[in-house]
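**Q** Sequence plus predicted model, see below.
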Amino acid sequence: MKKILALITLCSIGLTIGIGYFYWQRATALPEWITETSEPVSDNTSTPSPTPSTTGDTPRSANIIQEKIEKTKPGPVQEQLTGAEIDNLIVAGLNKSSGTKTLPTAIKRIKTQIQQDRIRTGAIVDLAELENMPANPRTEMMNRLVKIMPQLRGKPVYIGVVGQLLVKDGQTQLSANSKLQIGQVELPLNDVAKQMGVSRSALEQNITNYLQFSNLNIEKINLTDQGAVIVGQKK
């Protein structure tokens with residue numbers, strides 16, 4: 001009987017370790033596109049485009065997109081953005097919020113992918129470099145994530161969000177069932193926010209905040225495999 005109990009215990013420990021190792025392997029897996037080359041795109045912030053255009057054309061910089069909408073006459077607006085152009089808006093927003101002209105060195109690549117009606121956007125973040133960066137709201141957010149997943153510490157990790165884009169009161173937001181993606185692991189955004197002790201909006205702001213345009217009341221966003229079509233009214 002003791003031998004049977006010992007065997008069951010041993011099997012249980014082995015299963016727990018196996019599941020933990022499998023989870024760790026998936027959480028630290030990097031996406032295949034990490035090996036892709038980037039095509040530089042210049043704007044007045046001299047920020048390179050983090051990803052090549054999916055259409056074969058050079059993606060517009062964030063400044064060009066913003067200026068086009070600013071110069072649009074009041075009335076209906078329909079603007080199509082590729083995944084690479086969404087990346088440029090996110091990069092420009094990150095630079096503006098951090099007061100620099102270049103991305104923090106800890107952020108290696110940013111890429112947006114749109115499949116059917118879902119948007120997936122995220123970055124390769126070197127958590128080893130992040131530990132040496134000055135404290136700010138973004139590094140604090142990452143540090144909270146590492147606390148609930150300590151196995152990520154000191155490694156390059158893919159961190160992103162995936163979900164549907166909705167519009168409420170002229171502002172973009174992610175659907176209720178959106179998820180935070182870490183490596184190949186997808187976790188409910190609400191659950192992760194609760195564990196980290198932050199608001200859900202703080203986790204999704206990198207995608208929703210940077211898809212806002214001044215004097216443009218967004219009515220809907222249509223997602224296609226080619227990108228996103230923003231429909232609204234210019235004030």
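**A** Yep, it's here.
**Q** Output the contacting helices and strands for the strand or helix carrying I159.
**A** Element membership for I159 (DSSP states H and E) is strand 156-163. Secondary-structure packing of strand 156-163 (3 or more Cβ pairs under 8 Å, 6 or more residues apart in numbering; DSSP states H and E): strand 118-126, helix 127-130, strand 179-182, helix 200-208. In short, each C-beta sits where N, CA and C put it, glycine included.
**Q** list the helices and strands the helix or strand just after the last one packs on?
**A** Once helix 200-208 ends, the next helix or strand along the chain (criterion: DSSP H and E) is strand 216-224. Packed against strand 216-224, as judged by 3+ Cβ pairs under 8 Å, 6+ apart, are the following elements: strand 165-168, strand 171-174, strand 227-234.
**Q** quick one, which of those is nearest to V157?
**A** strand 171-174 (20.6 Å; Cβ to Cβ).
**Q** so where's the protein shaky on pLDDT?
**A** Scanning the chain for pLDDT under 70 picks out the ranges 1-23, 36-56, 97-103, 135-138, 206-207.
**Q** before we move on, the earlier item: what pairs with the strand holding I159, and is each one parallel or antiparallel?
**A** strand 118-126 (antiparallel), strand 179-182 (antiparallel) (DSSP bridges).
**Q** just the angle between it and helix 200-208, please?
**A** 90 degrees (axes from the mean of the first three to the mean of the last three Cα atoms, to 10 degrees).
**Q** ok so, going back, can I get the helices and strands packed on strand 156-163 in JSON lines with distance to K155 and mean neighbour count?
**A** Putting the helices and strands packed on strand 156-163 into JSON lines (distance: least, Cβ to Cβ, whole Å; neighbours: other Cβ atoms under 10 Å) gives the following:
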{"stretch": "strand 118-126", "distance to K155": "8", "mean neighbour count": "21"}
{"stretch": "helix 127-130", "distance to K155": "6", "mean neighbour count": "16"}
{"stretch": "strand 179-182", "distance to K155": "11", "mean neighbour count": "22"}
{"stretch": "helix 200-208", "distance to K155": "20", "mean neighbour count": "19"}
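**Q** distance of the residue positioned nearest the centre of the chain from I69?
**A** For the chain, G122 is the residue whose C-alpha lies nearest the centre (Cα atoms, centre = their mean; 2.8 Å). G122 sits 25 Å away from I69, going by Cβ to Cβ, to the nearest Å.
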